[in-house]
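Enquirer: Coordinates for the following, if possible.
(one chain, ligands or ions: 1)
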Amino acid sequence: MIYTDLFSPSKLSSLLSANHIYPKKSLGQNFLIDKNNVEKIISSAHLDKNDTVLEVGAGLGALTYSLGERAGHVVAYEIDSRLIPILKELVKEFRTMEVRNEDILKFQISNFKYQIFDYKLIGNLPYYITSRILRYFLSAEHKPKRVVVTIQKEIAERICAKPPNMSLLSASIQLHGEPKIVARISKNCFFPRPNVDSAVLAFDVRELKNFDEDSFFTAIKAGFAHKRKLLIRNLERGLSLSKEHLNNVFSAAGIAKNARAEQLGVEEWIKLTQNF
Ligand code: SAM
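Expert: Numbering: from 1, shown residues only. The predicted structure follows:
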């Protein structure tokens with residue numbers, strides 16, 4: 001197989017049937033068949049030969065091959081063993097490429113012999129575990145320095161939402177950076193065609209020095225627990241804090257007492273958490 005075959009639906013179909021592979025919906029197997037969009041994703045990663053990339057869900061290699069050309073070191077995770085021989089054959093020319101037939105949610109930095117502390121997380125994510133993957137890497141001790149992921153368009157829009165449309169999801173991701181939608185990808189650019197369009201989400205992950213992430217998450221979970229209630233009531237109940245204390249905390253953080261959780265930006269959540 002040559003790389004460009006991946007972008008021809010008829011050649012891709014023949015490749016899959018010749019290898020008795022039927023894409024598994026349960027693993028989110030929708031392969032990207034549009035080279036322009038591969039370019040957009042890769043260029044959003046701002047790669048050079050000093051970069052280490054951790055690729056999530058390499059599939060047949062649509063992104064992997066281009067990553068091999070641009071990055072210094074690539075570790076490509078793919079859970080489906082049926083795809084591994086094709087993937088390995090495609091990228092065999094890259095000496096600094098490592099293909100791992102493993103679950104990305106079992107990724108442990110300590111399993112690597114060399115330093116991959118400073119890495120970029122890139123992938124067309126399997127949709128069924130999008131949030132779990134983001135949570136897993138953003139709560140890790142060694143977080144990626146940049147994230148470029150293709151996900152369902154609606155989820156990307158929710159992640160990038162601003163006040164007064166914040167949610168638990170947007171607050172928890174925006175704690176770590178300023179996610180932006182850098183490209184939109186039609187469902188027609190995938191084989192088999194999924195039911196929904198996609199978007200490419202990109203952001204640098206900021207360092208949170210001396211910040212208690214656990215308290216932040218406890219606070220936002222309590223704050224968003226009951227949608228119809230005022231934020232102050234949700235916090236009173238969820239965190240077992242007194243009304244007086246919360247009134248003082250809200251004043252100190254400059255937040256209106258009648259605010260609702262979805263009206264707060266991440267910086268306000270940070271101020272609240274620090275004042276508790
Ligand atoms: N990167 C390829 C592309 O763009 O054509 C494939 C993307 S496809 C949307 C997602 C890939 O993730 C599938 O190949 C699937 O087998 C793989 N995958 C699903 N769950 C996974 C997991 N837990 N760990 C690693 N790979 C996984």
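Enquirer: Run the chain-centre distance for stretch 38-52.
Expert: Mean-position distance between stretch 38-52 and its chain equals 16 Å (CA atoms, centre = their mean, to the nearest Å).
Enquirer: again, but for stretch 189-202
Expert: A distance of 14 Å separates the C-alpha centroid of stretch 189-202 from that of its chain, computed with CA atoms, centre = their mean.
Enquirer: For G68, what is the enclosing helix or strand?
Expert: Using DSSP states H and E, G68 maps to helix 64-70.
Enquirer: Show me what that helix is in contact with.
Expert: With CB atoms under 8 Å, 6 or more residues apart in numbering as the contact definition, helix 64-70 has outside contacts at 3, 38-39, 42, 45, 47-49, 51, 53, 55, 58, 74, 76, 87, 90-91, 93-94, 96-97, 99, 122. No exception for glycine: its C-beta is placed from N, CA and C like everyone else's.
Enquirer: can we see that at 7 Å?
Expert: With contact meaning CB atoms under 7 Å, 6 or more residues apart in numbering, helix 64-70 is reached by 3, 38, 42, 47, 53, 55, 58, 74, 76, 87, 90-91, 94, 97, 122.
Enquirer: Give me the pLDDT for whichever residue of the stretch 151-276 of the chain sits closest to the ligand.
Expert: Residue of the stretch 151-276 of the chain nearest the ligand, by CB to the nearest ligand atom: F190 (7.3 Å). Note on F190: pLDDT of 98.
Enquirer: Give the closest residue to it in space, chain neighbours not counted.
Expert: N30 (4.0 Å; CB to CB, 6 or more residues apart in numbering).
Enquirer: what secondary structure does G123 sit in?
Expert: With DSSP: H, G, I helix; E, B strand; the rest coil as the basis, G123 sits in strand.
Enquirer: Need the phi and psi values for the nearest residue to it once chain neighbours are set aside.
Expert: Closest residue in space to G123, ignoring its immediate chain neighbours: V56 at 3.2 Å, by CB to CB, 6+ apart. The phi/psi pair for V56 (degrees, to the nearest 10) reads phi -100, psi 120.
Enquirer: which residues in the stretch 51-200 of the chain form helices?
Expert: Counting by DSSP state H, counting those that start in this stretch, the stretch 51-200 of the chain has these helices, from start to end: 64-70, 84-90, 130-138, 153-159, 168-174.
Enquirer: Kindly state the domain boundaries assigned to the protein.
Expert: 3-204, 213-274 (automatic domain parsing).
Enquirer: Serialize those to TSV and add fields for mean neighbour count.
Expert: Output for those, formatted as TSV (neighbours: other CB atoms under 10 Å):
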stretch	mean neighbour count
domain 3-204	18
domain 213-274	16
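Enquirer: which residues of this structure fall in strands?
Expert: 31-32, 52-56, 73-77, 97-100, 119-124, 146-152, 180-185, 190-191, 198-204 (DSSP state E).
Enquirer: can you put those in TSV and add distance to I270?
Expert: Listed next are the strands of the chain as TSV, based on distance: least, CB to CB, whole Å:
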stretch	distance to I270
strand 31-32	36
strand 52-56	27
strand 73-77	32
strand 97-100	36
strand 119-124	23
strand 146-152	20
strand 180-185	20
strand 190-191	37
strand 198-204	17
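Enquirer: among these, which is nearest Q274?
Expert: strand 198-204 (22.6 Å; CB to CB).
Enquirer: ok, and the closest non-adjacent residue to E154?
Expert: V196 (7.0 Å).
Enquirer: The spatially closest residue to C189 that is not a sequence neighbour and K187: what is the separation?
Expert: Spatial nearest neighbour of C189, chain neighbours left out: D34 (3.8 Å); criterion: CB to CB, 6+ apart. According to CB to CB, to the nearest Å, D34 and K187 sit 11 Å apart.
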